[in-house]
Structure formats: structure tokens, C-alpha cells
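Student: Sequence below, structure please.
(2 chains)
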There are 2 protein chains.
Amino acid sequence: MARKFNFSAGPAMLPTSVIERAQAEMLDWNGSGMSVMEMSHRGKEYMSIAARAEADLRDVMAIPDNYKVLFLQGGASSQFAMIPMNLVGDKQSADYINTGMWSKKAISEAKRYITVNIAADTSDSGFTTVPSQDQLKLNPDAAYVHYTPNETIGGVEFDYIPDTGDVPLIADMSSTILSRPIDVSRFGMIYAGAQKNIGPAGLTIVIIREDLIGKASAGTPTMFDYATHAENESMYNTPATYSWYVAGLVFEWLKELGGLEGMAAINKRKAEKLYAAIDASDFYANPVAIHARSWMNVPFTLANPELDAAFLKGASERGLVTLKGHRSVGGMRASIYNAMPEEGVDLLVAWMQEFERNQG
Amino acid sequence: MARKFNFSAGPAMLPTSVIERAQAEMLDWNGSGMSVMEMSHRGKEYMSIAARAEADLRDVMAIPDNYKVLFLQGGASSQFAMIPMNLVGDKQSADYINTGMWSKKAISEAKRYITVNIAADTSDSGFTTVPSQDQLKLNPDAAYVHYTPNETIGGVEFDYIPDTGDVPLIADMSSTILSRPIDVSRFGMIYAGAQKNIGPAGLTIVIIREDLIGKASAGTPTMFDYATHAENESMYNTPATYSWYVAGLVFEWLKELGGLEGMAAINKRKAEKLYAAIDASDFYANPVAIHARSWMNVPFTLANPELDAAFLKGASERGLVTLKGHRSVGGMRASIYNAMPEEGVDLLVAWMQEFERNQG
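Tutor: Have a look, this model is predicted:
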């Protein structure tokens, strides 16, 4: 059977060429006589794979030298606790911007450890927009400011990087990292679960400014202390070796594609095509403010929710799968991460138009 | 190039048939048009993979119904904190048995949260034996007793399950799980990093009696609370989906092999062959008390450490790799986990004998 166009919000599609390479190397990586899965993480073969992946990520994202790149486990959900535990230091509180489900989860966990000030909250809009810079009520004495540049469920994305002065800015980029160039130096820390734009689930990447490491609160588990991992090149214990390797193949693929500039041009085109199809129709709707629309996650509803099942069935027959919207939003959600080919978006738009005509 | 016989202590060999199947299914699992890596963990395809893996593990280990099986991230090193955080309850202390490097790491982390009583300590022997039942100084009011049935570095393994009365027994089985049948009902909790006998690194399996769940101390991160994962079938957040899938293939392989009875017969034979070769020689030595010798990790030294490099070089030329001993022990270490074919042990024994003759 042909490969499907899989619009899953995550785990999500990987580039076919990356999977093909992983398949080709599966039994015998580079003449080593081993699968990467079987390699000691302290052996020279695996060390070279890990180092190459980090170097390529640094290159692709232009990560400054005063940032550590950590390859961790546990997902963004673990970071929600690690961030207050590691970063509050001798401050009392941190600022959080609430723009949706993932912001709320980060806030909820942080409140268990520190005082959380809500610097902005877009719940009144039904989480269909992002606050502007002048709407942010920032506390100059906060330990840090946390936000979610792209909300996977609501499909809202910041169109700017908040200016937080000297207060470190912390970003959950799980669903937008690597989608376009970003200026890493604007952030204290960036983190992302791998399973959207990086690689297989089970890997979490943390990019953290070195001066923020080493201030963990008493009682922080050793494995939750960024210093543990920074001091051991993410090999304090056995890391998620295979996910790290596949992530490295994705970074190589990005470089071949022209890096994040090249990726951004493709992503912009894909998103514009899909939003244009929605906006050209009275049958489909997306509730998000134009300037806050996500390039990665595009929720949309049909004029009549009773037609959802028929839409999904026809889509599936055309190889377009995992389009059902999150239960909290309903309708459809097309996640069009880096690895979704433009052809998948074209086929989706064509099906949307055909379906609407058939209902007309 | 042919596949090597890889004696790594972990990540370690996987059964060739498992890797071949993962390779065959890489681009398109079961006609789904997706790699398992690309599947939403909440989709019906992946849910079936996850459920099948758990059912097969329950079957293979004969896990009683009053135990939960959790598929987590973070390695045994995360468990070292999770155990005291979750299991101390309203008790004050726990008993720990110290038989080597991994016991010590568990103890060191537990001391950050609770009072640790050392129930036995074999450091005087250089960690070359295990304490007998009557040497255990158990506190009947302890929250639990923790031990390491098999020490990966020292190559010592308990030849019995400690009797701890009504106090729950907690075992770090990372390097011995699935090597033979065990009576799960004797344990409060068993945990194991996957990368030795289960599957790819990045997955940690926890088998826990249900009555021990739900007593986490205040301040335990949500992701470190067993209740979080037990209540959500290990899908509170995105799990390590691909490692879980490959682990499932390993469980199927074990069933085809005759389950743990069948595996134990092979493992016993492999270990006996290797220890017999060591004991038959004055050139090779293993310091571990006979009754405490590990079936899984066999450290041995050469009469003259200056010959180590030549031994390793010749072994490598014969496809026998990753035999260098842990830096804290020196010499050699042959880890002969489930997936090491008996042929690999035979070839190692033949090389040991040839090398000794050449030095004679």
C-alpha cells in the first residue's frame, strides 16, 4: 500500500527519505555490523552519531555557543515541572502567558512549585488569538517568562517573539521548532518534544543558555536537573539512542532542503494554500485571528458537523488520514508539519473543494 | 558486512529476526501506509500495537491481574527518585541492599528524600557476592526493601528472592528481567530499563502492585507519579512509541522461543559454557562467588592486563565486539543477554582458548 498523507498532530509524518534511510541502515549501520538500536551509547560509533546530530542541529538553528543542547526523555510534560524546579532560583515567581491547552498544562504544573503570574490570557477569545506585546503584564522581577509559541490544539501561533527585557524567555516549541528560522539568542530556553518536527517520540530537545543551568531547587530529582545532563553531554544515563539517531537524519534532511529558510518557504506556501481554501468557502471555517494562524496546525470546521464522518471517510479513501479534530475543538485538524509534502496539502484542498461541491 | 556478536552491557543486541521484522515494517506497518514512528499514539493502529505488547508481556511473565504494567521514559535512573517519592507513604524509611554500583546509585538518590537503612552491604567483598537471607537486617517498619537482583558491572546476581514478609520488595531488574521465569507476586514492584533484555533504549517498564499506587509525596512531579501513568494506560503524554513497538516484537519472539522457561534453558547453557571456560583456565579469572554469578554479565580478567588490547583486537577480528570491561573493574565483560546467540558464546570461548594457547 502507498504511504498515506498523515495529518496527525503528533507523533506525525517523518520525511520518507529519512525512514527509507533508517530502514536501509537498520541491520547494519555504516558497516558496523550492528543496528543503531544495539549500540552502546558510549561506543565510538554511537558517539559519532550523537555528536553529528547535535552539530547539525546547532548548524540548522544557528544556536549560539553559550547555549547547551540537551537530548532528554520524558516529553514536554516533564519540562513543565523541570522548568520551575530549575529556573526559579532565588526568585519567587514566574510569568506565564496562557494561549491554550498546552500553556494551561505548563501553568498547572508550575503552580505546584512556584507563584505563577498570568502575564496574558486569551481564554476570553476561546483561544483564537495571541496577545500583543503591549498586552503583556510582565513582572520585571519574575524568574522567567514562559509561553507556547504554537498551540497544537487551538492552531494559534505567535507572529512575534515577546520582548521580556532581562527576564529569560522560555518557549515550548514542540509544535513549531524547525518550521522556520528563529533567533535563539532571544530565548533563555527552548524545548520541544520530538514527535512533531524532530523525530520519533521519546526524545525531548532542550536548548538552554548556560548561565541558567545549575540553580535547581533542593529536592529536584537528579534526572530533572539540567546540570546533570549538561555536565554529561546528555549521557548521564542511557539516552533514547534510536530517536536521537533518527532526529539526526531529519537534521541532515533539513540541511539538504536549504535549512530553515528553505523549510519556511515550503511551510508558508502549504499553510497559505490551506487557509486560502478555507477562506474562499462559506462551507469551511477557521476561527483563528488571521495574524495568529498557525503554520503547523490548521483546525477547521464544516458548516454542518453531521457531515464530518462523510468528509473523513472520503479523505481516508484518498489517502488523507488522521484529520479528525481534537475532541475539545471538534471538526477537523490538519497538522502540516515539516514532513507533510506539499502534495498532501494539494490533495486535501482538492478533496475539500470536491466535498463542498457534492454537498452544494 | 555480517552482523557482529555484540557483548555490550546495554544498549545491547536485539534478536536478528526482530530487527528484520522492524525493517520490513518500517515504511508501512501492516498496510497502514505509515511507519510505526509516525502513528498517533491515540490512533487505533498504535493502540493495538501497545495493547498487544502489554498482553504479551503479561503472558510471558505471568503477571497477576493486581499489577499494573507501565511503559515509561527516563530509565532506571529516574526510578531511583520515583521510588522513594511514590512509595515511602507515611513511613519514615526504606531498606536498601547494597551489592554494587547500581544499588549505590539507587541508595544515593533515595537518601535525598527519605531515611535509608542499609539492610546488607557486600562492599567488603569487593562486590563479588550477594548476602544470604539471614544476613539481611530488615526493618519490619520499612516502607519497602529495594535491591538489585543483577549487578551489571560486578556481574553478581541473587540466586534467591529475598523474603521481606509484608514489606514490599522492589527490584531493579534492568539487566535480568525476562532472562528466566520469576514469581512476580513476590514483588511490590519490578522495574527495568529496556536496553538490555526488552528493546531499544528510551523505554522503562514498571510492574507495580496496584495497592502501592496513589501515595506520592507532596511535590512529586506529575510525570514522576505512578498514578498519572496507571490512570492513563501509560498515555498521559506521548510515550516512547517506537521503543514500545519493538519491545512488543521482542515479547513475541520470546513466546515463539518457549517463553521464559525456554529462554532460561538457553541462558543457563550460555552462562555455564562461559564460566566453564574461565574456570578451566589459569589464564582467565572471574572473582564472583559461584552461587552469585550472573547469567547475564560475565566479567573476567586476563592473567596479564598488558594482553588485554591484543585479546580485544583478535576478538574484534572474529566479529566479537564490545568486550572491554567497565572502567571500574577492568579486564573484559561479556554481556550475554537473551538476544546473544549461543553461537556468539561458542565463538568467544573458542577465541579465549586460542588466545591462551598462543600466549602459552
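
Student: only C-alpha atoms for contact and neighbour calcs from this point on.
Tutor: Will do.

Student: Give me the below-cutoff pLDDT ranges for chain A.
Tutor: Per-residue confidence for chain A (pLDDT under 70) gives these ranges: A:1, A:360.

Student: What segments of it are helices?
Tutor: For chain A, helices defined by DSSP state H occupy the ranges A:16-24, A:44-61, A:75-87, A:101-110, A:226-231, A:241-256, A:259-279, A:308-317, A:342-359.

Student: I'd like the ones you listed as TSV, with mean neighbour count and distance to chain B appended.
Tutor: Output for the helices of chain A, formatted as TSV (neighbours: other CA atoms under 10 Å in any protein chain shown; distance: least, CA to the nearest CA, whole Å):
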stretch	mean neighbour count	distance to chain B
helix A:16-24	17	5
helix A:44-61	17	10
helix A:75-87	24	6
helix A:101-110	20	7
helix A:226-231	20	11
helix A:241-256	23	6
helix A:259-279	18	19
helix A:308-317	15	11
helix A:342-359	16	14
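
Student: With respect to A:F127, which of those helices lies nearest?
Tutor: helix A:101-110 (8.8 Å; CA to CA).

Student: Quick one: work out the angle between that closest one and helix A:75-87.
Tutor: 40 degrees (axes from the mean of the first three to the mean of the last three CA atoms, to 10 degrees).

Student: how about helix A:101-110 as PDB, C-alpha atoms only?
Tutor: What follows is helix A:101-110, C-alpha atoms only, in PDB (Å, rounded to 0.1, in the frame of the first residue of the first chain):
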ATOM      1  CA  MET A 101      -4.400  23.800  26.300                       C
ATOM      2  CA  TRP A 102      -0.600  23.400  26.400                       C
ATOM      3  CA  SER A 103       0.000  26.700  28.200                       C
ATOM      4  CA  LYS A 104      -2.600  25.700  30.700                       C
ATOM      5  CA  LYS A 105      -0.800  22.400  31.400                       C
ATOM      6  CA  ALA A 106       2.500  24.200  31.900                       C
ATOM      7  CA  ILE A 107       0.900  26.700  34.300                       C
ATOM      8  CA  SER A 108      -0.900  24.000  36.200                       C
ATOM      9  CA  GLU A 109       2.300  22.100  36.900                       C
ATOM     10  CA  ALA A 110       4.300  25.200  37.600                       C
END
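
Student: what does it contact?
Tutor: A:77, A:80-81, A:83-84, A:96-98, A:116, A:147-148, A:151-154, B:221-222 (CA atoms under 8 Å, 6 or more residues apart in numbering or on different chains).

Student: about what we covered before: which of the helices of chain A sits closest to B:Y236?
Tutor: Of the helices of chain A, nearest to B:Y236 by CA to CA is helix A:75-87, at 9.0 Å.

Student: helices or strands next to the closest one in the packing?
Tutor: If contacts are counted by 3 or more CA pairs under 8 Å, 6 or more residues apart in numbering or on different chains; DSSP states H and E, helix A:75-87 sits against helix A:101-110, strand A:189-193.

Student: How far off centre is the first one?
Tutor: Yep, that's helix A:101-110 we're talking about. What separates the centre of helix A:101-110 from the centre of its chain is 16 Å, taken as CA atoms, centre = their mean, to the nearest Å.

Student: Over to the shortest one?
Tutor: Using CA atoms, centre = their mean, the distance from the centre of strand A:189-193 to the centre of the chain it belongs to is 8 Å.

Student: What subset of the contacts of helix A:101-110 is buried?
Tutor: A:77, A:80-81, A:83-84, A:96-98, A:116, A:147-148, A:151-154, B:221-222 (16 or more other CA atoms under 10 Å in any protein chain shown).

Student: check contacts around A:E356.
Tutor: With CA under 8 Å, 6+ apart, A:E356 has these contacts: A:F283.

Student: list the buried ones in stretch A:176-185?
Tutor: Those would be A:176-182, A:184, for stretch A:176-185 by 16+ other CA under 10 Å.

Student: gap between the two ends of it?
Tutor: 17 Å (CA to CA, to the nearest Å).

Student: ok, and what's touching it?
Tutor: A:61-64, A:149-150, A:190, A:192, A:197-198, A:260-261, A:263-264, A:267, A:296, A:337-338.

Student: same deal with stretch A:40-47?
Tutor: With CA under 8 Å, 6+ apart as the test, stretch A:40-47 has contacts from A:32, A:36, A:39, A:235, A:238-239, A:241, B:8-12.

Student: any idea how far it is from the chain center?
Tutor: Per CA atoms, centre = their mean, the centroid offset for stretch A:40-47 relative to its chain is 28 Å.

Student: swap in stretch A:138-153?
Tutor: Using CA atoms, centre = their mean, the mean C-alpha position of stretch A:138-153 is found 16 Å from that of the whole chain.

Student: is that stretch anywhere near chain B?
Tutor: No - figure legend: stretch A:138-153 not in contact with chain B (CA under 8 Å from any CA of the partner chain); closest approach 13.7 Å.

Student: Domain-wise, how is chain A divided?
Tutor: A:17-256, A:259-359 (automatic domain parsing).

Student: For my notes, please list the ones you listed in JSON lines and give distance to B:R357 for each entry.
Tutor: Compiled in JSON lines, the domains of chain A are given as follows (distance: least, CA to CA, whole Å):
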{"stretch": "domain A:17-256", "distance to B:R357": "28"}
{"stretch": "domain A:259-359", "distance to B:R357": "57"}
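
Student: Looking at those, spot the one closest to B:P140.
Tutor: domain A:17-256 (27.0 Å).

Student: First-to-last residue distance for the closest one?
Tutor: The first and final residues of domain A:17-256 sit 11 Å from each other (CA to CA).

Student: What segments of the stretch 101-250 of chain A are strands?
Tutor: Counting by DSSP state E, counting those that start in this stretch, the stretch 101-250 of chain A has strands at residues A:115-121, A:145-147, A:150-151, A:156-157, A:169-172, A:189-193, A:204-209.

Student: Which strands and helices lie in contact with the third one?
Tutor: Meaning strand A:150-151. When contacts are defined as 3+ CA pairs under 8 Å, 6+ apart, strand A:150-151 packs onto helix A:101-110, strand A:156-157.

Student: go again using 10 Å as the cut-off
Tutor: helix A:101-110, strand A:156-157, strand A:169-172 (3 or more CA pairs under 10 Å, 6 or more residues apart in numbering or on different chains; DSSP states H and E).

Student: tell me the contacts of the closest residue in space to A:Q23 that isn't next to it in sequence?
Tutor: Distance criterion CA to CA, 6 or more residues apart in numbering or on different chains; nearest residue to A:Q23, sequence neighbours excluded, is B:Q23 at 5.3 Å. For B:Q23, the contact set (CA atoms under 10 Å, 6 or more residues apart in numbering or on different chains) comprises A:19-20, A:22-27, B:17.

Student: Name all residues that make contact with the residue lying closest to A:L274 once chain neighbours are set aside.
Tutor: Leaving aside its sequence neighbours, A:L274 sits nearest to A:V349 (CA to CA, 6+ apart; 6.4 Å). With contact set as CA under 10 Å, 6+ apart, A:V349 has these partners: A:273-278, A:343, A:355.

Student: Tell me which two of these sit farthest apart.
Tutor: A:E343 and A:F355 (18.1 Å).

Student: list the contacts for A:P15?
Tutor: Shown in contact with A:P15 (CA under 10 Å, 6+ apart): A:197, A:199, A:249-250, A:253-254, A:338-341, B:38.

Student: A:S328 - how many residues pack around it?
Tutor: 9 (other CA atoms under 10 Å in any protein chain shown).

Student: and A:K4, how many residues sit next to it?
Tutor: Neighbours around A:K4, by other CA under 10 Å: 20.
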